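**Q** Provide a 3D model corresponding to the input given below.
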Amino acid sequence: MTFTMVGRFIAKTAIVLAALRIATALLVIFSDDPIVAASSLLGSQTTGEAIDQAVYVVIFAICLGVLTDISRAVQRD
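**A** Here you go, the predicted structure:
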């Protein structure tokens, strides 16, 4: 039960953080100098790289969420 709750928390937090990273990357694209802004604000060389990393986090969070749902379903039976 504890691991299920922790997993759900991590999955939800990862989704929120990935969405914020994508939103920040999209804001950086429209800045005056996106290359310098990307390296200072996002910690990556380009905004595309930051978006790619965020998509990987979303995929991880979805997989973790599915696993926690399976865990909850098994515990109820």
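**Q** C-alpha from now on. contacts and neighbour counts both.
**A** Noted.
**Q** can you tell me the helix or strand for the residue nearest the centre of the chain?
**A** Central residue of the chain (Cα atoms, centre = their mean): residue 18, 2.7 Å from the mean position. Using DSSP states H and E, residue 18 sits within helix 2-29.
**Q** What is the subsequent helix or strand relative to that helix?
**A** That would be, after helix 2-29 and using DSSP H and E, helix 34-37.
**Q** in the biggest helix by length in the chain, what's buried?
**A** Scanning the chain for the helix with the most residues, using DSSP state H, yields helix 47-76. Across helix 47-76, burial judged by 16 or more other Cα atoms under 10 Å covers 47, 50-51, 53-55, 57-59, 61-62, 64-65, 68, 71.
**Q** Among those, which one sits closest to residue 34?
**A** Distance to residue 34 across the buried residues of helix 47-76 (Cα to Cα) is lowest for residue 47, with 7.7 Å.
**Q** Let me know whether the closest one touches residue 40 as I believe.
**A** No: applying Cα atoms under 8 Å as the test, residue 47 and residue 40 come out as separate, 11.1 Å apart.
**Q** thinking in terms of the whole chain, how far from its middle is the longest helix of the chain?
**A** 8 Å (Cα atoms, centre = their mean, to the nearest Å).
**Q** so what does that helix touch, helix or strand wise?
**A** When contacts are defined as 3 or more Cα pairs under 8 Å, 6 or more residues apart in numbering; DSSP states H and E, helix 47-76 sits against helix 2-29.
**Q** counting contacts, what elements does the helix it packs on pack onto?
**A** Packing partners of helix 2-29 (3+ Cα pairs under 8 Å, 6+ apart): helix 47-76.
**Q** could you give the angle of the helix it packs on to helix 2-29?
**A** Calculated by axes from the mean of the first three to the mean of the last three Cα atoms, to 10 degrees, helix 47-76 forms an angle of 160 degrees with helix 2-29.
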